[in-house]
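[1] make a model of this:
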Amino acid sequence: MATRQKRVGEASRAATRRRLVDAAAQEFREGGYTATTISALARRAGVSVQTLYLAVGGKPALLRAVFEQALAPSDATEGTPSGSDNEGYRQQLRSHAAEAHRGSDDPRARLRGVVHVYRLLAERAAPWWRLYRDAAATEPEIAADWAELHRLRRGTLAALLEDIPDDALRPGLGRDAAVDTFWAIASPETYDLLVDRLGYTLERYEDWLTETLSAAVLA
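    Residues are numbered from 1 along each chain as shown. Now for the predicted structure:
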């Protein structure tokens, strides 16, 4: 009986958290992060403010949860960590990249597969990148989390590049420098400039990234 009650309680808490994350995604999209109040989030999710704090910890935690939900692969199981420093998540992305380049040994084909996976992530993450960037300008807690997400993004890109061998890199360019180059070029800022400001289609953005990164990091 105790075990069954525990499972029911865990399921209820998980359902409450899902409602809160879904409500936060809607509220943040409509009103932005700073203007969204805790009471509005609780009201949209149909819970009390106290329940919100107990379930997720507050508004910054909800922003992080929304961001991680956006980054979750389409085949991820419930509860799969995404925006965190999680090896299982990164291995999923590597598997998707391998599917994209169909097991080719050609470094350029492999890089294109990596870029394709990154573009899919960027497409889902872009609205939340903007929210983080804007909120970080005025809220120290969000600024610290935004800096941490940049660090985690670099780790994810490093994992994606593992399938490109060292001897395929440009002479004199070490592995760390190649990752740094990828991290800098495939950035939220570049996505914003090309897709949001210049109106690149996602396919053109992906082609540009592939060509630019091939010239920058491959032999």
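
[2] next, residue 218: phi, psi?
    phi -100, psi 150 (degrees, to the nearest 10).

[3] what's the first helix or strand after the helix or strand where residue 128 lies?
    In this assignment (DSSP states H and E), residue 128 forms part of helix 107-136. Using DSSP H and E, the helix or strand that follows helix 107-136 in sequence is helix 140-160.

[4] and the most centrally placed residue in the chain, what's its pLDDT?
    In the chain, the centroid-proximal residue (Cα atoms, centre = their mean) is residue 71; its distance is 4.0 Å. With respect to pLDDT, residue 71 scores 88.

[5] isn't it up against residue 125?
    Yes - assessed by Cβ atoms under 8 Å, residue 71 is found in contact with residue 125 at 5.9 Å. C-beta: built from backbone N, CA, C; applies to glycine.

[6] quick revisit: if you average the pLDDT over the helix holding residue 128, what comes out?
    Taken as a whole, helix 107-136 has a mean pLDDT of 94.

[7] and the angle from that helix to helix 140-160?
    Relative orientation of helix 107-136 versus helix 140-160 (axes from the mean of the first three to the mean of the last three Cα atoms, to 10 degrees): 180 degrees.

[8] in this protein, what spans have low per-residue confidence?
    Across the chain, residues meeting the criterion (pLDDT under 70) sit at 1-2, 4-9, 73-85.

[9] which parts of it are helices?
    Per DSSP state H, the chain carries helices over the ranges 2-31, 38-45, 49-56, 59-71, 87-101, 107-136, 140-160, 175-185, 188-191, 202-217.

[10] next, format these as CSV and append distance to residue 166.
    Converted to CSV, those look like this (distance: least, Cβ to Cβ, whole Å):
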stretch, distance to residue 166
helix 2-31, 40
helix 38-45, 48
helix 49-56, 42
helix 59-71, 28
helix 87-101, 17
helix 107-136, 11
helix 140-160, 13
helix 175-185, 6
helix 188-191, 25
helix 202-217, 11
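
[11] who wins for proximity to residue 168 among those?
    Closest approach to residue 168 among those is made by helix 107-136 (3.7 Å; Cβ to Cβ).

[12] and the closest one, what does it pack against?
    helix 2-31, helix 59-71, helix 87-101, helix 140-160, helix 188-191, helix 202-217 (3 or more Cβ pairs under 8 Å, 6 or more residues apart in numbering; DSSP states H and E).
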